[in-house]
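Participant: how does the following fold in three dimensions:
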Amino acid sequence: MATKSNFTSEEWGKLLASPMVAGMAITAADPGGLWSLLKEGMAGGWALLEARQNTQANQLVKAVAEDFSTDEGRTAARAAVDARFTGAKLEGLKDKALAELKSISSILDAKAPDDAAPFKAWLQNVAQKAAEAGKEGGFLGFGGVAVSEAEKATLVEISAALSRPGTASV
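Facilitator: Here you go, the predicted model:
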């Protein structure tokens with residue numbers, strides 16, 4: 001099992017930020033209204049909380065969730081996000097997030113091959129939950145669809161970025 005000590009501080013920061021990055025890709029694919037944006041943005045936080053409480057969670061996922069619960073972990077995650085996304089424009093944000101997920105996938109494959117598949121599955125699940133969090137195309141929360149076509153396409157792109165072809169659920 002890989003632990004924090006298997007990664008450089010920059011790599012660990014990327015892992016800490018990865019649930020936010022997965023949610024960011026979904027939100028950028030089809031930015032909805034304020035409520036949708038808030039719900040999608042909170043999906044990564046809920047995923048971290050669930051991972052901390054889940055006794056069956058992969059140990060690397062749990063280690064990331066535990067570290068994120070500390071001030072130091074949140075600071076490292078924030079620094080990782082700021083380093084890659086500060087100044088990014090909405091129209092390029094999804095592509096930047098997908099590139100970052102691809103980089104995270106490579107880090108996992110190289111440094112944590114035994115934990116890579118479950119960690120990537122967890123990130124895919126975070127993205128799925130973000131996509132399902134807010135309705136798209138409705139008016140004041142009424143109507144619309146749970147997962148838009150743009151979000152479905154982005155889930156497939158996330159799966160490819162994580163080197164998990166054909167595993168996106170929509």
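
Participant: element containing Glu151, please.
Facilitator: helix 149-161 (DSSP states H and E).

Participant: in CSV, list the C-alpha atoms belonging to that helix.
Facilitator: In CSV, the C-alpha atoms belonging to helix 149-161 read as follows (Å, rounded to 0.1, in the frame of the first residue of the first chain):
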residue,chain,number,x,y,z
GLU,A,149,-25.2,15.5,-22.3
ALA,A,150,-22.1,17.7,-21.8
GLU,A,151,-21.6,16.1,-18.4
LYS,A,152,-22.0,12.6,-19.7
ALA,A,153,-19.4,13.3,-22.4
THR,A,154,-17.1,14.8,-19.8
LEU,A,155,-17.5,11.6,-17.6
VAL,A,156,-16.2,9.6,-20.6
GLU,A,157,-13.3,12.1,-21.0
ILE,A,158,-12.5,11.8,-17.3
SER,A,159,-12.5,8.0,-17.6
ALA,A,160,-10.0,8.3,-20.5
ALA,A,161,-7.8,10.8,-18.7
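
Participant: next, the buried residues of the one helix or strand in the chain whose mean pLDDT sits lowest.
Facilitator: Within the chain, no helix or strand scores below helix 34-53, which has a mean of 79 by mean pLDDT, DSSP states H and E. Neighbour-count burial for helix 34-53 flags 36, 39-41, 43-44, 46-48, 50-51 (criterion: 16 or more other CB atoms under 10 Å). Bear in mind the C-beta positions are built from the backbone N, C-alpha and C, glycine included.

Participant: now the residues you listed in a markdown table, with distance to Ala22?
Facilitator: As requested, these are exported to a markdown table (distance: CB to CB, whole Å):
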| residue | distance to Ala22 |
| --- | --- |
| Ser36 | 16 |
| Lys39 | 15 |
| Glu40 | 10 |
| Gly41 | 12 |
| Ala43 | 8 |
| Gly44 | 7 |
| Trp46 | 12 |
| Ala47 | 9 |
| Leu48 | 11 |
| Glu50 | 14 |
| Ala51 | 13 |
